[in-house]
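1. just coords:
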């Protein structure tokens with residue numbers, strides 16, 4: 001019996017070290033130690049309340065932007081759509097969440113229509129200016145409205161990688177290839 005307990009304990013330690021080695025292989029910047037991703041309650045583009053706990057069991061890629069963005073946001077979302085497509089059947093274990101920095105224009109219906117152009121499974125989040133400011137603060141997202149006719153925004157443009165248990169694992173910077181996301185999502189899913 002003692003030998004079986006020892007072997008089981010050795011297997012657990014071995015599995016933990018493999019997991020740590022796998023996490024270390026991520027292409028995104030790793031959070032060490034991992035911590036729980038701050039949860040929130042926003043209006044989802046699917047008509048339901050949007051919070052991270054709703055997606056426990058899935059890997060979540062969390063980004064911030066706005067539907068009137070002409071450059072950065074469409075590129076990020078197109079990259080995430082490509083990554084999701086390349087994951088094939090594994091994409092069912094992934095959720096893309098995109099939270100607006102523009103509460104004046106981005107209601108749930110507008111977010112839904114905008115995100116559906118990239119992938120109908122993407123979920124947008126919106127809310128009051130105060131709610132969105134609190135979420136941005138929790139995630140260290142900077143956003144500032146530019147003065148001018150187009151009412152554009154300057155904002156942080158990275159994507160958080162959140163594991164199945166709701167822990168912040170990594171941060172992908174803007175401009176990374178879809179294959180980098182595929183690589184990291186596969187690791188977080190424990191897929192070969």
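-> Structure received. Small disclaimer: the values here were computed from a predicted structure and weren't measured. Numbers count the residues shown, from 1 in each chain.
2. tell me how many other residues surround residue 191.
-> 12 (other C-beta atoms under 10 Å). C-beta here means a position set from N, CA and C on the backbone, and glycine is covered the same way.
3. typo on my end, residue 33
-> There are 7 residues near residue 33, going by other C-beta under 10 Å.
4. and it, its phi and psi?
-> phi -80, psi 160 (degrees, to the nearest 10).
5. and residue 56, by the same measure?
-> According to degrees, to the nearest 10, residue 56 has phi -60, psi 140.
6. that one: what's it in contact with?
-> Residues counted as contacts of residue 56 (C-beta atoms under 8 Å, 6 or more residues apart in numbering) are 164, 165, 166.
7. and those residues, which are buried?
-> Among the contacts of residue 56, those classed as buried by neighbour count (16 or more other C-beta atoms under 10 Å) are 164, 166.
8. for the contacts of residue 56, which one is nearest residue 191?
-> Nearest to residue 191 among these is residue 164, at 11.8 Å by C-beta to C-beta.
9. any idea how far that closest one lies from residue 52?
-> 11 Å (C-beta to C-beta, to the nearest Å).
10. now swap in residue 35 and tell me
-> Counting by C-beta to C-beta - residue 35 and residue 52 are separated by 13 Å.
11. same check, this time on residue 130
-> For residue 130 relative to residue 52 (C-beta to C-beta), the value is 19 Å.
12. what about the two, which has more around it?
-> Ranked by neighbour count (other C-beta under 10 Å), residue 130 and residue 52 place residue 52 first, with 19 against 8.
13. list the contacts for the more buried one?
-> Contacts of residue 52 by C-beta under 8 Å, 6+ apart are 37, 39, 40, 60, 62, 97, 162, 166.
14. tell me which element residue 186 is part of?
-> In this assignment (DSSP states H and E), residue 186 forms part of helix 178-189.
15. give the buried residues for that helix.
-> Result for helix 178-189 [16+ other C-beta under 10 Å]: buried residues 178, 180, 181, 182, 183, 184, 185, 186, 187, 188, 189.
16. and of those, the nearest to residue 116?
-> Among the buried residues of helix 178-189, and counting by C-beta to C-beta, the member closest to residue 116 is residue 178, at 18.8 Å.
17. now for the closest residue in space to the closest one that isn't next to it in sequence, how many residues are close by?
-> In this structure, residue 178 finds its nearest non-sequential neighbour in residue 82, 3.7 Å apart by C-beta to C-beta, 6 or more residues apart in numbering. Residues near residue 82, counting by other C-beta under 10 Å, number 17.
18. what residues sit buried inside the one helix or strand residue 82 maps to?
-> Per DSSP H and E: residue 82 is located in helix 72-86. Neighbour counts using 16+ other C-beta under 10 Å place 72, 73, 76, 77, 79, 80, 81, 82, 83, 84 of helix 72-86 among the buried residues.
19. got the end-to-end distance for stretch 21-35?
-> Stretch 21-35 has an end-to-end distance of 18 Å (criterion: C-alpha to C-alpha, to the nearest Å).
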